[in-house]
Each structure stands twice: as C-alpha cells, then as structure tokens.
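Trainee: Predicted model follows, preceded by the sequence.
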Amino acid sequence: MGVILAFLAMGVVVLGCSRSGSETVGKNAPNAVGYESFSGQQVGSPSEIQPSLPAESATTGLAGMEPRDVLGPRGKEQPGAETVHDWPVFRGNLQATGWLPKVTLGPLRERWRFALEKGQFESSPVIAGGLVFAASSGGELVAVGLESGTLVWRARAEGAFTASPSVFGGRVFIGDDTGLFYCWHARKGELLWKFSAEGPIDSPASFWEGNVLFGSQDGNLYCLEATSGQLRWKYTSDDQIRCFPAICEGKAFLAGCDGHLHVVDLAKGEMDLRVPLEGPTGNAAAVLGEMAYVGTENGRFIGINWKTAKVVWVFQEFSAPTSIRTSAAVTPEIVVFGARDGKIRALRPDTGQLVWSFSARRKIDSSPVLLSDRVVFGSDDGRLYIVDATSGNLVTEYDLGAAVVSGPAVISNAMVVGTMQGELICLEWTGV
C-alpha cells in the first residue's frame, strides 16, 4: 500500500503523478544515516543466511519462497494446513497476487500491539523469519518480534517512508522520500549500504537473479546488485514510477503515472512492450499467468493479456467519480480490489464481470489479501474486514481503533496490519 499512499501524502489525486524539478532531491541527499540496535531480545539464530532468490512461480501465489530464503527459524505452524511462515515483500510474492491458497482463518484474537512514539504506518508491513518489519511516515524502520510484539531494533532514515520494506537474503531494503535507497542487516539493524536515486521513492523493492529493483518519482526503474548496491542498469519511463515492480518470466511489470503498463525485459533493462491504461496509477499490477490486473486513478480497472499486449476488458462502475488506490488480489477464480467509494469488488478474471461487491463504512485504500475462502482488508473507518470470497458476505470485522490504509501481511496463523495512529496490530487464530 506504500506506493499508493504517496498520492495521499501529497494531498493530490491525478496531479500526484506529475513530476516537478523540486522533487528530484536524491542526488543532493545527505549521506549520513543513523541506526540503533537493541540487544535485549534475540529472535531466532543470529547466524548469516546466504542469499537465495525466490523462484518465479505464478501458479501458487507463494512465489516459490523457500523456507531458507529469509532469516532462519520460523513461527508456530497451523495444524492441518500448508504452512506459510513469511510474507517478505509487498503483496506477499513477486507476482503481487496478494494470494495465500490453503490458508484458512480461524477465530481471531489480538496477540499484541506495538505503538510508535510518533508517525503513522501508511505502508504495509512484511513478515520474515519470525520478525515483522514496518516503516513509518516519520522515517523510522522497526523490526518487531512476531510472537511477542517486542522491539528488536529500529533504524532512522533521512526522510519519510511511504514504501513498504522488502526482505531477502537476511537484508531489508527500502527507499525514502529524499531519494535514498537503503539496505539494512535484517537481524542486527546495521546499515550495509545506500544508493541515491534522483527523486523520492514510493516503490517497494522487488528481486530478480541477485538484483534488487525499485522505481522512483524520477521516472526510473533501478536495478542494483543486492549485495553491494552497485547500479546494474536503469529503465526510464515518461513519468513517475511509484508501484511495486511485479516480476514474472524474466519481466518487470510497471503500472506508471504516465498511464501505461510497461513490461521490461530484466536481462536487458529495456522495454519489451507497453500497454495504455488511459489513466495514471501507483498500484502494483497483479500478474497471474498471461494476465495482469491493475486499477487507475480515474476509476478504471483493467485486465490485460501482457503476452499479446492487449487490453482484454475494462471494468468501470461508479455512481460518482472515484479512484482506485489499492493493488488487486487475484486467484484463477476471482480478482478483488478496493476503491475510494468505500466498496470492494470481485470480478471474473477472464471477463471482468462483477461477481459481488461489499460496502465498508468509508473509503478503502488498504490493498486486499485473498486466502483460501476469505478476503481481508482494512478501511478508513478503522476496521479490518473479513468477507467470504465466494459471496462477498461479511464474516467478521475487527475494530482497530484508527484508519487503516496499510494492507495486511498474512501467514498461516497470524496477520499484521498498521494504522494511521502509529500502531502495528497482530491478530492470530488457532486453526479450523
């Protein structure tokens, strides 16, 4: 959700995608970054884990994340289910599907709350190796124990965070609104390297063959060597890139402020194809098979066959002008997205036909997550909603006490969501 909230942070709608010279501050950003380490709590093994990049599977929704990929020991397993221990990137996997099959919710209860001294959680948290990583609008990155909710370490950036962190190979990657992109040691909180882009960074990082990728308001997609931060190449678009770069079959998918879906060949760093969206967006494109799905600022939700570079269908059903600032969740059966008119909608992925809709009390900027039979999302009304994925009927709602624009990070037996009051909240269930 962090890429989408850049629009909110600037207080603009469509104009939030316009570049200006005043935003290109990265080259002149200060070089000093502070961090703090907390030795009072040790979570898991402190030993180094060798980097091992996730596979590009678009069929399971898990992106082929191996248990060894992240940090070490895992949390408690949910009996009778395929156990998912980590949600290490925005939308959970490299294809940005926001989908966890074979995970079933049980009765919810609150495990813990962690509160910032100041700042808000606009972007979505991630979960890796028994730790929760979350970034605040105050420029603070925190690592919190998943089981206890206790602070393990915090690091401070030069600017504010609107992007979600990304975890891979024992490292945490994130950029700030000064244009600095950071790499921290995931267990110790030590700064390993930083890179200066030419504009603010709202884009959560993604990964491909030993490289880390992110977009910037300077209009570039950057590809850096993940271990050193050295620039491999950059791809330049016609306007800002605020979205999470979805990865599939050696391609990066960029839904841009220039109103196009860019498909970039990662081996070359060059455009493979471009499809018009007829509206700007900061949302990630969810990729499943040969289809990509994305919503725009002018209220269009689009299904695209990216292999033929053609728009297959367009859905637009609003009683008044609105915008879509959520990244979609998709399975072979449904694609789900929320909008600022307060409704979440489920469509058929092949035709774009409306299957159901559900109305929250206020606008929805929280990107939904699809489980085996449930849809989970937050709202500006301060509630976390869980609805039936087949019918759209309300299953339950949980009052979080403050507006939610963060998307939930979900594993087999727990989920974590941030609020605009600066709280991280962990909810758990015991099984089915």
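Mentor: The structure has been received and is ready for your questions.
Trainee: CA only for contacts and neighbour counts going forward, please
Mentor: Fine.
Trainee: With just CA atoms, put stretch 279-291 into PDB.
Mentor: The C-alpha trace of stretch 279-291 is given here as PDB (Å, rounded to 0.1, in the frame of the first residue of the first chain):
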ATOM      1  CA  GLY A 279      -5.100   6.800 -16.600                       C
ATOM      2  CA  PRO A 280      -2.200   7.200 -14.100                       C
ATOM      3  CA  THR A 281      -1.700   4.800 -11.200                       C
ATOM      4  CA  GLY A 282       0.700   4.000  -8.400                       C
ATOM      5  CA  ASN A 283      -0.700   0.500  -7.900                       C
ATOM      6  CA  ALA A 284       1.100  -2.700  -8.500                       C
ATOM      7  CA  ALA A 285       0.000  -4.900 -11.400                       C
ATOM      8  CA  ALA A 286      -1.100  -8.300 -10.100                       C
ATOM      9  CA  VAL A 287       0.200 -10.900 -12.600                       C
ATOM     10  CA  LEU A 288      -1.300 -14.400 -12.900                       C
ATOM     11  CA  GLY A 289      -0.400 -16.500 -16.000                       C
ATOM     12  CA  GLU A 290      -0.600 -14.400 -19.100                       C
ATOM     13  CA  MET A 291      -2.900 -11.800 -17.500                       C
END
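Trainee: Can you list the buried residues in that stretch?
Mentor: Applying a neighbour-count criterion of 16 or more other CA atoms under 10 Å, one finds 279, 280, 281, 282, 283, 284, 285, 286, 287, 288, 291 buried in stretch 279-291.
Trainee: between those, which is nearest residue 308?
Mentor: Nearest to residue 308 out of those is residue 291 (CA to CA; 9.7 Å).
Trainee: Would you mind listing the residues in contact with the closest one?
Mentor: Going by CA atoms under 8 Å, 6 or more residues apart in numbering, residue 291 touches 303, 304, 305, 306, 307.
Trainee: From residue 290, how far out is the last one?
Mentor: Read it as residue 307. 6 Å (CA to CA, to the nearest Å).
Trainee: Equivalent analysis for residue 236, please.
Mentor: In terms of CA to CA, residue 236 sits 24 Å off from residue 290.
Trainee: follow-up on the earlier one: can you turn the buried subset of the contacts of residue 291 into a selection I can paste into PyMOL?
Mentor: PyMOL command restricting the contacts of residue 291 to the buried ones, with burial defined by 16+ other CA under 10 Å:
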select buried, resi 303+304+305+306
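Trainee: So residue 351, which state does it fall into?
Mentor: coil (DSSP: H, G, I helix; E, B strand; the rest coil).
Trainee: one step back: quick one: the contacts of residue 291 as JSON lines, columns for pLDDT, secondary structure and distance to residue 398 too.
Mentor: Below are the contacts of residue 291 laid out as JSON lines (pLDDT from 0 to 100; DSSP: H, G, I helix; E, B strand; the rest coil; distance: CA to CA, whole Å):
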{"residue": "303", "pLDDT": "98", "secondary structure": "strand", "distance to residue 398": "32"}
{"residue": "304", "pLDDT": "97", "secondary structure": "strand", "distance to residue 398": "35"}
{"residue": "305", "pLDDT": "97", "secondary structure": "strand", "distance to residue 398": "37"}
{"residue": "306", "pLDDT": "96", "secondary structure": "coil", "distance to residue 398": "38"}
{"residue": "307", "pLDDT": "95", "secondary structure": "coil", "distance to residue 398": "41"}
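Trainee: Surely residue 234 forms part of a strand?
Mentor: Yes - assigned with three-state DSSP, residue 234 falls within a strand.
Trainee: For the closest residue to it other than its chain neighbours, list each beta-bridge partner.
Mentor: Nearest in space to residue 234, with sequence neighbours left out and distances taken as CA to CA, 6 or more residues apart in numbering, is residue 222 at 4.5 Å. Residue 222 has these beta-bridge partners by DSSP bridges: residue 214, residue 234.
Trainee: Kindly report the same for residue 143.
Mentor: Under the criterion used (DSSP bridges), residue 143 bridges to residue 133, residue 153.
Trainee: Return the subset of the buried residues of stretch 279-291 lying in strands.
Mentor: Within the buried residues of stretch 279-291, residues falling in strands by DSSP state E are 286, 287, 288, 291.
Trainee: What is the nearest of those residues to residue 425?
Mentor: Of those, the one sitting nearest to residue 425 (CA to CA) turns out to be residue 286, at 25.8 Å.
Trainee: Does the closest one touch residue 329 like I think?
Mentor: Yes - under the criterion of CA atoms under 8 Å, residue 286 makes contact with residue 329 at 6.8 Å.
Trainee: Now do the shared contacts for the two.
Mentor: 96, 97, 98.
Trainee: Make TSV from those residues and add neighbour count and distance to residue 356 to it.
Mentor: TSV is the format used below for the shared contacts of residue 286 and residue 329 (neighbours: other CA atoms under 10 Å; distance: CA to CA, whole Å):
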residue	neighbour count	distance to residue 356
96	32	22
97	32	19
98	29	19
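Trainee: Just send those back as TSV, with secondary structure, distance to residue 424 and pLDDT too.
Mentor: Output for the shared contacts of residue 286 and residue 329, formatted as TSV (DSSP: H, G, I helix; E, B strand; the rest coil; distance: CA to CA, whole Å; pLDDT from 0 to 100):
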residue	secondary structure	distance to residue 424	pLDDT
96	coil	22	96
97	coil	23	96
98	coil	19	96
